[in-house]
Structure formats: structure tokens, C-alpha cells
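>>> please find the sequence and the predicted model below.
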Amino acid sequence: MSCCNDATVSEFDAARGDTGRRRTTIPLHAVPALSEAPAPRDTGPAVRPLRVNGVEISTAELAAELQYHPAGDRETALQQASVALAIRELLRQRAHALGIDPPAPARAWQAHDLADEACQSVGAGAAGAAQDRHDAASAWHDGSESHAGESHEEARTRALLAREVALPDVEQRAVLRYYEANRDRFRTAPLLAVRHILLACAPADAAARSRARAQAVDLLGRLRDGAPFTALASAHSDCPSRQQGGALGQISKGQTVPEFERALFALPCGLCLHPIESRYGVHVVIVDERMEGRALPFEAVREAIRRQLAESVWRRAVSQYLAMLVGAAHIEGVAIDGATSPLLQ
């Protein structure tokens, strides 16, 4: 791999939204102990008793939940953790009221379920919280997913949502309409065949950058006068690709650093008449070939679009359902403003 290639990313997968999500955690020992007294002055607001319809949630539960809500300040972390526990308790109470109690699975390991993900967006004030909950919700309504190894709490929440939130049907014309309105998203990635000469220098070394630019201009002049690119790359490039005459092979979007990628994909075929800079240094570049992406036919992406639209409707329905539970509940110790929450957006 050359010095400029970082990783390969499927542009179509990114367009479909098929990206993984990973929950960030912090060691529990790093969380401020909520039950210790007296607390240092700078630890933030005091922990208030948390009750949901008269059911109290202990400070020990809140301390355990805090590790899943790393935030810039303790007040925000407490708010997010409190909202998470409150909504999880609301879901438990609703399932109990409806007599939903699936048998405990053989592997009842404790995981943080959809309730965990969903509740982060209710009054938490975090911009990404709603999307976290949305991403988690899709796995719950998809009947093709395996539920092996889920906890009893997860199974109960899944059964509750399956009963209370209808799975939408997506009409074929809606799928086609989305495809027609977003054709640019459903294309194969363009490819470039590129050669370069890298004059390496650190981003912060102004003197080295200046020398590299001057050398790049000199090399461009020699290339315009007919000097062979392969020979100049072999003699001057600091990239391992010099052994192949500077050839980087075929490059698609996502395979190199962003600043180099932006410059490359804006170029026509031929020698770039000015140096290109990146975090690695200064580049002299020639584009040997451009292979434009081709449109993917509707049949190839129809099912992916249908699933995406169904998940979007499902997520909104789950959001509104949770907001309804919050609105009907008596919650003490945390303010959950369902009316302005991302749940309803």
C-alpha cells in the first residue's frame, strides 16, 4: 500500500447507510462515585432521587449506567444516564401491564438494549443521540435478525415494541420515487489511475514546505519539457511507489487522505500543472485515466431502498411511542421534555 492510501470504503454501502455503530464506554472506576459523601466541590450537581411512576431507581443503578454516557461534563452525563434508566423503567412497566414476559434465554448476559439506545435522545440534548437510537431500533423490527443470546430485558422490549408499534409497509412507488430523487447516491465509485512524485515534509515545517514547493515547480517544468515521469519519480519521490515509477494504481474515493482525494478527483486526465499539498508533503501528479462511476439499476438497489424507508418510518413510530409513554408518566428526578425532544423530529 502506498503512503497515501488509508483504507477502502464502499461508497454505495455508505450511501445506503450500512455503517456500523460502536458504543463508546469508559471504565467504571473512572466514573465519579455517586454515593460517596461529601463530594468535591467541582463534581457538579447533586444526584436527585429518580422515580418513575413511584418506582425508585437506585444511585447504584445510576452509577453503573453512567459508564455508557461519557460526556463533556458531569451534569450532561447524569442527565443522559437518568433519562436512559427512566425510559427503560417505563418500558418495563408497560410490558408488565400488558402481561409481556418472555421466558429468559439460556444466555441471559446483560446487554444494553433498545431502551438504552432510544432513551438517549429524550431530553438529553445530544445531537447524535437520536441517530444512535434510530440505528438500534432497526435491528429490533427486522424479523430476519437472530435474537440468540439476547437478555431477558431485550427480549421483553422487543416483544413490547412488536405488539405496540406497527411495522410499516413501503409501497413500490415510494421506493421508485426515492430512487429517482437520489440517483447520484446509487452509482459505483469512480476510479482514477494516478502517478505521483511525493516530496515529503511535515505539515508544520514551513521552510521544508517552501523548498518542496519550489522543487515541485522545477519538476513540473522538466516534465513539460519532455522528461520521463518514471525517471523523475524514481529519482526524487519519497513514496515507496517510486519503485513503480510513481504509480499508485487505481484509486477510488475513501482510499486516500481527504485533502489529497479532493484535489485528485477534481483533476482532468493529464499532468496537473500545479503542485498538490497533503499532510504528507507536496505532490506532483499525473492522472493517466478517469473511469467515471456508472449508475446502478433500480433492480440492484430496490430492496436496500425499501429497507431503508421502512426503517425510517419504524424509527419515527418508536420515537413517538416513547414520547407517548413519557407524556403519560410521572417522572421525578429528571426532566424529559418530549415535546421538543429529537424523538418527535
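Right, received. Where do you want to start?

>>> which SSE is immediately downstream of the helix or strand of the chain with the lowest mean pLDDT?
The helix or strand of the chain with the poorest confidence is helix 11-16; it has a mean of 37 (mean pLDDT, DSSP states H and E). Of the helices and strands lying after helix 11-16 in sequence (DSSP states H and E), the nearest is strand 50-52.

>>> so what's the closest residue to residue 61 other than its chain neighbours up against?
With sequence-adjacent residues excluded and distances taken as Cβ to Cβ, 6 or more residues apart in numbering, residue 61 is closest to residue 85, at 6.1 Å. Yep, even glycine has a C-beta here, placed from its N, CA and C like the rest. Residue 85 makes contact with 50, 57, 61-62, 65, 119, according to Cβ atoms under 8 Å, 6 or more residues apart in numbering.

>>> same question, residue 228
No contacts exist for residue 228 under Cβ under 8 Å, 6+ apart.

>>> and this protein, what are its domain boundaries?
24-37+49-171+306-344, 191-291 (automatic domain parsing).

>>> so which residues of the stretch 101-250 of the chain form strands?
Counting by DSSP state E, counting those that start in this stretch, the segments of the stretch 101-250 of the chain that form strands are 191-200, 247-252.

>>> now the shortest one: buried residues?
Neighbour counts using 16 or more other Cβ atoms under 10 Å place 247-248, 251-252 of strand 247-252 among the buried residues.

>>> can you get me a residue count around the residue nearest to residue 191 when sequence neighbours are not counted?
Here the nearest residue to residue 191 in space, its sequence neighbours aside, is residue 291; by Cβ to Cβ, 6+ apart that works out to 4.2 Å. Using other Cβ atoms under 10 Å, residue 291 is surrounded by 13 other residues.

>>> quick check: residue 291 touching residue 190?
Yes: using Cβ atoms under 8 Å, residue 291 is in contact with residue 190, at 6.4 Å.

>>> where are the low-confidence patches of the stretch 1-150 of the chain?
Applying pLDDT under 70 to the stretch 1-150 of the chain flags the ranges 1-47, 103-149.

>>> quick one: distance of the longest helix anywhere in the chain to the chain centre.
Identified as the longest helix of the chain according to DSSP state H is helix 298-328. The chain centroid and the centroid of helix 298-328 are separated by 18 Å under Cα atoms, centre = their mean, to the nearest Å.

>>> what's the average pLDDT for that helix?
Helix 298-328 shows an average pLDDT of 91 in the prediction.

>>> packing partners of that helix?
The contact analysis (3 or more Cβ pairs under 8 Å, 6 or more residues apart in numbering; DSSP states H and E) places helix 298-328 against helix 11-16, helix 74-97, helix 114-119, helix 129-141, helix 152-164, helix 172-181.

>>> so what's residue 283 up against?
196-199, 216, 260, 275-277.

>>> just give me the neighbour total for the closest residue to residue 330 other than its chain neighbours.
Excluding its sequence neighbours, the residue lying closest to residue 330 (Cβ to Cβ, 6+ apart) is residue 53, at 5.5 Å. Taking other Cβ under 10 Å as the criterion, the count of residues near residue 53 is 13.

>>> what do you get for residue 324?
With other Cβ under 10 Å as criterion, residue 324 counts 13.

>>> repeat that for residue 84.
26.

>>> and residue 65, by the same measure?
By other Cβ under 10 Å, the residues close to residue 65 number 22.

>>> ok, it touching residue 84?
Yes: shown here, residue 65 and residue 84 form a contact pair, counting by Cβ under 8 Å, at 5.8 Å.

>>> elements contacting the helix or strand that the longest helix of the chain is followed by?
Counting by DSSP H and E, the next helix or strand C-terminal to helix 298-328 is strand 331-332. Using 3+ Cβ pairs under 8 Å, 6+ apart as the contact criterion, the elements in contact with strand 331-332 are strand 50-52.

>>> since that was my last question, I'll sign off now.
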